[in-house]
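1. Sequence plus the predicted model coming up.
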Amino acid sequence: SPPQTGCRVDQAGPLRKPTDLRKKRKKRSIQQLKNADGTLQHQTEKKKHIVKSFFEKLYSREDIPEENMQHYLKRKGLPMIPEKNKEEINREITLKELQEAILKQKNNKTLGPDGLPGELYKTLQEKLEMQLLELFYEVLTTAKLPKSWGKTYIRLIPKEDLDHQLIQNYRPISLLNVDYKLFMSIMIIHSDQNGFLPNRQIKNNTRMVMNIIEYYEANLGKQLAMVFLNAQKAFDNVNWQFIIQQLKSIQFGNKFIKLISTIYMTQMASVILNGDRTEMFKINKGIRQGCPLSPLLFILNLENLLENIRKNEEIKRALIKKEHYKVQAFAEDIVFFLEDPEDMGVKLIKEIEEFGKVAGLKINKNKTKLLTKNLKDKQQKELEGKLGMQRVKKLKYLGVWLTARCSSIKKDNYDKLIIQIKKN
């Protein structure tokens, strides 16, 4: 028999000592949850019931008439994609693409429902690649998926600085099979938005916001409100039917549209809770956080809203040295720049809510924040009341603390970092 090393393999990582695993699992475990009436529950079955009920309701389909979606897209849809792009999206997967996708798989990732790790695909690549290529060809040509692709385990990640006795304060991450992730990573579509794309950096967005704050600090006669949008459960509330209608309206190609439609219409999930799992339930809404294609489908969906706001001449944008700035986005982190903020803010909300009625996006006004420049106290209070949003003196955007004063931005970020570096 092999020698005993005192270590074992954890689903989520490499060889670790049992004591390390126990500590990690205990830290990750959910000891208690509040039910609908606020009562704390400690028993496993009761906690599983709370978890399953919450996510089953969250992912239940909203009854949005198809004609409403089509009417919106007819008036405000994105332009059709060029024919060459359509051909690229719908073409067959090559052996080289598959080989590159296998090499890019990260090691020590939590396993999907089939229990097969990415390391296995790397080790047995030569034996598996032709079988995988045949499978992917069949999926593309018939839109018939392996049954295992329709199942996912959901892992719960606690959100920072929130009450972890409330199930809504956990982020659901889908644990998917490696063969599914390989296929979807090859099918990734291109988009021009900054979020989740290679060769683009968060600093492009944060630097832009700081430049705008700097400009309005030097131009006291011009007023500005920055609206930092918080979309309620942004990924989880996405309306699939709208995405499918949108793909049709911009003519993505029948093969790709049929494939996406099949993938999203056959989803079942089970939530992992302290090593145990809930019963499987159907998912009828939302896109999987954990699927390689999901962020880009989300971006495509959101781009419809952002482009309509850019084109809406009734919403006055910030003007800086002949350059116009109205919106900056990194995935679901969106900031709008509004001159004449009271009137423009109302028009902005109207545009967002019109989109939300068909696409599923919901503004979380309690968490959407306002940062203002050169407004008097009375104007700031009126703006808060009119928009139903809170004005703040400081907020964190893409990991950077922002305030309405440039000197404070330096103090809250660089000075604190320098002190921390000196301590270390």
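-> Perfect, I can see it now.
2. So which helix or strand of the protein has the lowest pLDDT on average?
-> Sorting the helices and strands of the chain by mean pLDDT, DSSP states H and E puts strand 8-9 at the bottom, at a mean of 36.
3. measure the residue nearest to residue 305 when sequence neighbours are not counted to residue 338 for me?
-> Counting by CB to CB, 6 or more residues apart in numbering, residue 305 lies nearest to residue 355, which is 4.4 Å off, once chain neighbours are set aside. The way it works is simple: take the backbone N, C-alpha and C, and place the C-beta from them, glycine included. As defined by CB to CB, to the nearest Å, residue 355 lies at a distance of 17 Å from residue 338.
4. neighbour-wise, which of those two wins?
-> Taking neighbours as other CB atoms under 10 Å, residue 355 and residue 338 compare with residue 338 leading, 25 against 21.
5. Any idea what that one is bridged to?
-> residue 225, residue 317 (DSSP bridges).
6. Report the contact partners of it.
-> Residues near residue 338 by CB atoms under 8 Å, 6 or more residues apart in numbering: 224-227, 315-318, 326, 344-345, 348.
7. What ranges does the stretch 151-300 of the chain have for its strands?
-> Under the criterion DSSP state E, counting those that start in this stretch, the stretch 151-300 of the chain contains strands at 151-158, 170-175, 224-229, 268-273, 276-277, 281-282.
8. and of those strands, who's closest to residue 105?
-> Proximity to residue 105 (CB to CB) singles out strand 170-175 among the strands of the stretch 151-300 of the chain, at 14.1 Å.
9. what separates the closest one from the chain centre, distance-wise?
-> With CA atoms, centre = their mean, to the nearest Å as the basis, strand 170-175 stands 11 Å off its chain's centre.
10. Hey, what's the angle from that strand to strand 151-158? Just curious.
-> Strand 170-175 runs at 150 degrees relative to strand 151-158, counting by axes from the mean of the first three to the mean of the last three CA atoms, to 10 degrees.
11. Quick one: list the elements packing against strand 170-175.
-> Judged by 3 or more CB pairs under 8 Å, 6 or more residues apart in numbering; DSSP states H and E, strand 170-175 is in contact with strand 151-158, strand 268-273.
12. In CSV, list those along with distance to residue 365.
-> Shown next, in CSV, are these (distance: least, CB to CB, whole Å):
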stretch, distance to residue 365
strand 151-158, 24
strand 268-273, 28
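13. Tabulate these in CSV, adding columns for mean neighbour count and distance to residue 413.
-> Shown next, in CSV, are these (neighbours: other CB atoms under 10 Å; distance: least, CB to CB, whole Å):
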stretch, mean neighbour count, distance to residue 413
strand 151-158, 19, 25
strand 268-273, 20, 36
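14. Double-check residue 276 against residue 48; I have them as touching.
-> Yes - using CB atoms under 8 Å, residue 276 is in contact with residue 48, at 6.8 Å.
15. out of these two, which sits in the more crowded spot?
-> Counted by other CB under 10 Å, residue 276 and residue 48 do not tie: residue 48 has more neighbours, with 20 against 12.
16. Now that one. Its backbone dihedrals?
-> Phi and psi for residue 48, reported as degrees, to the nearest 10, are phi -60, psi -40.
17. separation between it and residue 54?
-> Distance, residue 48 to residue 54, using CB to CB: 11 Å.
18. Between the two ends of stretch 138-148, what distance do you get?
-> One end of stretch 138-148 sits 15 Å from the other (CA to CA, to the nearest Å).
19. er, stretch 388-400 I mean
-> Stretch 388-400 has an end-to-end distance of 25 Å (CA to CA).
20. and that stretch, which residues are buried?
-> Neighbour-count burial for stretch 388-400, counted by 16 or more other CB atoms under 10 Å, picks out 389, 391, 395, 397-398, 400.
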